[in-house]
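Undergrad: Below is the sequence, then the predicted model.
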There are 2 protein chains.
Amino acid sequence: MTTITFERADSWIATPPSSQSESFLNAVLVVRRIVAEHHDRPSLVSRVACEVGAEIIENIRQSGEDLSSVELAERYETSRTPIREALLLLEKEGLVRIPQRRRPHVAVLDIAEVREIYRVRAVLFGAVASDAATLRTEEDMEALRDLLARLSAAHDAHDLSAYLWANVEFYNRLTIAARNATAKRILDSLLLRTLRLRRLSLSQPTRREKSMAHHIQIMNALEEQDAPLADVLIRSNHLHALAVLEQIYAEGGVPSPTRSRRRRRQAATAAEEE
Amino acid sequence: MTTITFERADSWIATPPSSQSESFLNAVLVVRRIVAEHHDRPSLVSRVACEVGAEIIENIRQSGEDLSSVELAERYETSRTPIREALLLLEKEGLVRIPQRRRPHVAVLDIAEVREIYRVRAVLFGAVASDAATLRTEEDMEALRDLLARLSAAHDAHDLSAYLWANVEFYNRLTIAARNATAKRILDSLLLRTLRLRRLSLSQPTRREKSMAHHIQIMNALEEQDAPLADVLIRSNHLHALAVLEQIYAEGGVPSPTRSRRRRRQAATAAEEE
DNA sequence: GTCGAGAATTATGTCGACATACCTGCATCC
DNA sequence: GGATGCAGGTATGTCGACATAATTCTCGAC
């Protein structure tokens, strides 16, 4: 349980330790909503999938890191069969890669894939927002207004973590309003893949300002049921977010994959010393 | 190995028995391309997944039919573990549903889901075709011209099965030309889900004529690198195909889910009698 | 004759074990 | 000194078995 906090150059608060685990809890909930969609009851498999998935999107497990089934089986005090299944669930969501006869590992997100994902998201989310603007009920709007308020509060309080998760919830509610479960599933999956990078993307102060302004615009488009505007706004925002990420990747802001062997060794020796 | 052929009201040839199994082989290949993407080597799991998947899209296994893991394990002379994993792969592609602690079964495609899928496909495929029109190489065009010729030949020969598979290949080549693997994966998965219905949709003579004309138009748009036109054409075609399916569903042209219990019983007794 | 509760049966989820393929470290060779 | 091949160790894929939940069958009541 690390208590290290990072002082940031800008005025936003450093994430306090308690909020660290709160963010992790949010991550677990989001992962559960997406990967364990039909595993409604808390089964062993879904628990493992949710926790490991959350560790990935919270960058506790880094890109390329090995996910040995025996190691995980020991940690969760179970056999390798449920672990295997949990990893398959995560592979389905693109968080994990499982090559044949090789160790499963955390999927590596290179810029080419990020580009692809954001382009698909831009198009699909645009269409979904367009539908949402048309089909939205008053109940949808109330929920979205609440979330916009939460977003705004987090923005004013300069709380990055709170802003991030409110953002996720806002988009979630928006996709629900479009009433297309298939589209929602795809968007959720794509979101999950890039959730690891969200902190990077929104770490720039100007990006945060733009994001907040963007959400207000979206909300207006929804209030006025202006479907084409909602479409364009969403697409524009996604392509802009992609541009930011392209820049961060170009500057080497994304750590390269860990040499997994090392980490495994460390884990092994740690276990021996216990 | 059934040899029953259906005489159709229109002039298209009844599918001969040999072509039945040829169609099944095509189905296996398409399923392999999509579900066993990274299972390059012929492993046990991918073999089962491909065959069962092909049986589903060829309507050999009907909507809602049970897929008992013990039954499949016996049939493929293996244990239940690989079967389980194969079914998970198929669930990932939406062909199979695996409720907790209940028997896995062939996913049921109701009209609401078909509607969702076609709408997502329309939007996403439109964007992909648009990209393809821009990014296409001469190599892409040659492959597409060949496929258009195959399509045309099948159309002239009134061979429904050949037309269907050439159609699938055409779309496959088109998505490759757009050079977005993420979009391609999603479109492939969506295609797989509705492949069961393709025969229905294209069984109408007028629909086939329109489809053929549509492909020629698409090809022209690609030749002239007219991205917006490609987008609109694809979207229009998909929404039209959806309208046809809506009508077929409304007329009850889609058989309702089989009572799975009965089928299982039959299989069990057949095994005993051997 | 139909419906409902309980027993018997069956299938699933999980487990521990084994064979095989892979990874790692070391010795050898160029 | 760096690359290559081999041997030991280790993780994976698969298996058969068991506990438990779900389904089916049976019997009885209304």
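TA: That came through fine. Predicted, not measured: the structure shown is a model, and the values here were computed from it. Residues are numbered from 1 along each chain as shown, chains lettered A, B, ... in the order given.
Undergrad: and the residue sitting nearest the centre point of chain A, what are its phi and psi?
TA: For chain A, the residue nearest the mean C-alpha position is residue A:195 (2.4 Å; C-alpha atoms, centre = their mean). Main-chain torsions, residue A:195, degrees, to the nearest 10: phi -60, psi -30.
Undergrad: For it, which non-adjacent residue is spatially closest?
TA: Once flanking residues are discounted, residue A:195 sits nearest to residue A:57: 4.2 Å by C-beta to C-beta, 6 or more residues apart in numbering or on different chains. Heads up, the C-betas are built off the backbone N, CA and C, glycines and all.
Undergrad: same thing with residue A:31?
TA: Leaving aside its chain neighbours, residue A:31 sits nearest to residue A:53 (3.8 Å; criterion: C-beta to C-beta, 6+ apart).
Undergrad: do the same with residue A:87
TA: Once flanking residues are discounted, residue A:87 sits nearest to residue A:104: 5.0 Å by C-beta to C-beta, 6+ apart.
Undergrad: residue contacts, that neighbour?
TA: Counting by C-beta atoms under 8 Å, 6 or more residues apart in numbering or on different chains, residue A:104 makes contact with A:66-69, A:87, A:91, A:96-98.
Undergrad: again, but for residue A:222
TA: Going by C-beta under 8 Å, 6+ apart, the list of residues near residue A:222 reads A:129, A:132-133, A:136, A:141, A:144, A:174, A:177, A:230.
Undergrad: Show only the entries of these found in helices.
TA: In helices, defined here by DSSP state H, the members of the contacts of residue A:222 are A:129, A:132-133, A:141, A:144, A:174, A:177, A:230.
Undergrad: Could you write me a PyMOL select line covering just the buried ones among those?
TA: Typed into PyMOL, the line below selects the buried ones among these, using 16 or more other C-beta atoms under 10 Å in any protein chain shown:
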select buried, chain A and resi 129+132+133+144+174+177+230
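Undergrad: Quick check: beta-bridge partners of residue A:66?
TA: Residue A:66 forms beta bridges with residue A:105, as assigned by DSSP bridges.
Undergrad: Surely it is in contact with residue A:102?
TA: No. When contacts are counted by C-beta atoms under 8 Å, residue A:66 is not listed as touching residue A:102 (9.6 Å).
Undergrad: Could you list the residues of chain A in contact with chain B?
TA: A:38-41, A:43, A:81, A:84-85, A:88, A:92, A:97, A:99-100, A:113, A:116-117, A:119-120, A:123-124, A:127, A:180-183, A:186, A:190 (C-beta under 8 Å from any C-beta of the partner chain).
Undergrad: List only buried entries from those.
TA: Neighbour-count burial (16+ other C-beta under 10 Å) applied to those gives A:39, A:43, A:84-85, A:88, A:92, A:97, A:113, A:116-117, A:119-120, A:123-124, A:127, A:180, A:182-183, A:186, A:190.
Undergrad: Go back to those and keep what's next to DNA strand C.
TA: Contacts with DNA strand C within those, counted by C-beta under 7 Å from any atom of the strand: A:43, A:85.
Undergrad: Just the ones of the buried ones among the residues of chain A next to chain B in helices?
TA: Among those, DSSP H puts A:84-85, A:88, A:92, A:113, A:116-117, A:119-120, A:123-124, A:127, A:182-183, A:186, A:190 in helices.
Undergrad: OK, contacts around the closest residue to DNA strand D within the stretch 1-150 of chain A?
TA: Closest to DNA strand D within the stretch 1-150 of chain A is residue A:69: 3.6 Å, counting by C-beta to the nearest atom of the strand. Residue A:69 is in contact with A:80, A:83-84, A:87, A:104, counting by C-beta under 8 Å, 6+ apart.
Undergrad: Can you add pLDDT and give those back as TSV?
TA: TSV is the format used below for the contacts of residue A:69 (pLDDT from 0 to 100):
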residue	pLDDT
A:80	95
A:83	95
A:84	94
A:87	95
A:104	94
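Undergrad: Just put those residues in TSV and tack on distance to residue A:223.
TA: As requested, these are exported to TSV (distance: C-beta to C-beta, whole Å):
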residue	distance to residue A:223
A:80	52
A:83	47
A:84	48
A:87	43
A:104	46
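Undergrad: Go back to those and keep what's next to DNA strand D.
TA: Filtering those for proximity to DNA strand D (criterion: C-beta under 7 Å from any atom of the strand) leaves A:80, A:84, A:104.
Undergrad: how close does the last one sit to residue A:150?
TA: This points to residue A:104. 36 Å (C-beta to C-beta, to the nearest Å).
Undergrad: before we move on, back to that, between residue A:66 and residue A:102, who's got more neighbours?
TA: residue A:66 (19 against 9; other C-beta atoms under 10 Å in any protein chain shown).
Undergrad: And the residue in the stretch 151-274 of chain A positioned nearest to chain B, what's its pLDDT?
TA: Nearest residue of the stretch 151-274 of chain A to chain B: residue A:182, at 3.8 Å (C-beta to the nearest C-beta). Confidence at residue A:182, expressed as pLDDT, is 97.
Undergrad: now do residue A:226
TA: At residue A:226, the pLDDT value in this model is 98.
Undergrad: what sits against residue A:153?
TA: Residue A:153 sits next to residue A:162 when contact means C-beta under 8 Å, 6+ apart.
Undergrad: Under a three-state scheme, what state does it occupy?
TA: Classification of residue A:153 using DSSP: H, G, I helix; E, B strand; the rest coil returns helix.
Undergrad: Same question for residue A:109.
TA: With three-state DSSP as the basis, residue A:109 sits in coil.
Undergrad: Tell me if I'm right that it and residue A:195 touch.
TA: No. With contact defined as C-beta under 8 Å, residue A:109 does not reach residue A:195; the gap is 10.4 Å.
Undergrad: For the ones in helices among the buried ones among the residues of chain A next to chain B, work out which two are farthest apart.
TA: For those, the maximum inter-member distance is 36.2 Å, found between A:84 and A:127 (C-beta to C-beta).
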